[in-house]
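# Got a sequence here, can you build the structure:
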Amino acid sequence: MMDLRRLVRVAIIALLAAPAACSSPAPNLYVIAPISGPVQTGAPKAIELRQIGLARYLERSEIVRSSEHYRLDVMSNDWWGEPLDAMLARVLAEELGQRLPGSTVYTDTGALTLARDATVAVDVSRLDQDAAGRLVLQAEAATTVVGQKKPLARAFRFAVVPPVPGTEGNVAAISTAVGELADGITLMLTEGR
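Numbering: from 1, shown residues only. The predicted model follows:
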């Protein structure tokens, strides 16, 4: 009888300890940092940044390290601190507002609504490292300005060497590339005005 009780206690302790032993550590959360750029004048006064379109493979909490060689390399315990499309929109709006101080830049998903003078749409088709370890941001952007006959569209491709190895370097390179994208969109909004 004594051995049966001891066996039951050991079994209960083992069952209680099993979930703790199997749990994974909390994920590391990362955010893209806004990067300052050159100030421009002559842009429309109210600019609406539409929701960012993402390639489907990027729509996940985990940070995608690479999509090279027919394989998706995902950082299993390194996650974005917010949905990537929302974070890109937030950071781009802040960067465009810094570069265009005479304009109000807002996202279409926020609470602010104004009579817009221009819209910006962005589709990101790639945001990961290539085989050489460079972070690649590939995107298309279109600007529509009230009073102009047709939208202006451009394709962008930036390759940035991460400043340090690992996820921190990858996210720093993403921040730099998004800043370069903001520079390109700023020029689209100020050209020919």
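# So residue 154, which state does it fall into?
Following DSSP: H, G, I helix; E, B strand; the rest coil, residue 154 is assigned to strand.
# how many neighbours does it have?
Neighbour count of residue 154, defined by other C-beta atoms under 10 Å: 13. Just so you know, the C-beta spots here come from the backbone N, C-alpha and C atoms, and that holds for glycine as well.
# element containing the closest residue to it other than its chain neighbours?
What sits nearest to residue 154 in space, not counting adjacent residues and going by C-beta to C-beta, 6 or more residues apart in numbering, is residue 141, at 5.8 Å. Residue 141 belongs to strand 135-145 when assigned by DSSP states H and E.
# And the strands in the protein?
All strands of the chain, identified by DSSP state E, fall at 28-30, 46-49, 53-54, 62-66, 73-80, 104-107, 118-129, 135-145, 152-160.
# Please identify the most buried of those strands.
Stretch with highest mean neighbour count among these: strand 46-49 (a mean of 22; mean count of other C-beta atoms under 10 Å).
# What are the contacting residues of it?
With C-beta atoms under 8 Å, 6 or more residues apart in numbering as the test, strand 46-49 has contacts from 89, 92-93, 96, 100, 103-108, 114-120, 122, 189.
# and it, which strands flank it?
strand 104-107 (parallel), strand 118-129 (parallel) (DSSP bridges).
# Please identify which of these is closest to residue 59.
Using C-beta to C-beta as the measure, strand 118-129 is the one of the strands paired with strand 46-49 that comes nearest residue 59, at 10.6 Å.
# that older thread, strand partners of the strand holding residue 141, parallel vs antiparallel please.
Applying DSSP bridges to the sheet, strand 135-145 is found paired with strand 118-129 (antiparallel), strand 152-160 (antiparallel).
# Could you export that strand as PDB, CA atoms only?
This file holds the C-alpha atoms of strand 135-145, laid out as PDB (Å, rounded to 0.1, in the frame of the first residue of the first chain):
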ATOM      1  CA  LEU A 135      18.800  43.000 -46.000                       C
ATOM      2  CA  VAL A 136      16.700  43.500 -49.100                       C
ATOM      3  CA  LEU A 137      13.600  45.800 -49.100                       C
ATOM      4  CA  GLN A 138      11.700  45.500 -52.400                       C
ATOM      5  CA  ALA A 139       8.600  47.600 -52.700                       C
ATOM      6  CA  GLU A 140       6.400  49.600 -55.100                       C
ATOM      7  CA  ALA A 141       4.900  52.900 -54.100                       C
ATOM      8  CA  ALA A 142       2.200  55.100 -55.800                       C
ATOM      9  CA  THR A 143       1.300  58.600 -55.000                       C
ATOM     10  CA  THR A 144      -1.900  60.300 -56.100                       C
ATOM     11  CA  VAL A 145      -2.100  64.100 -55.700                       C
END
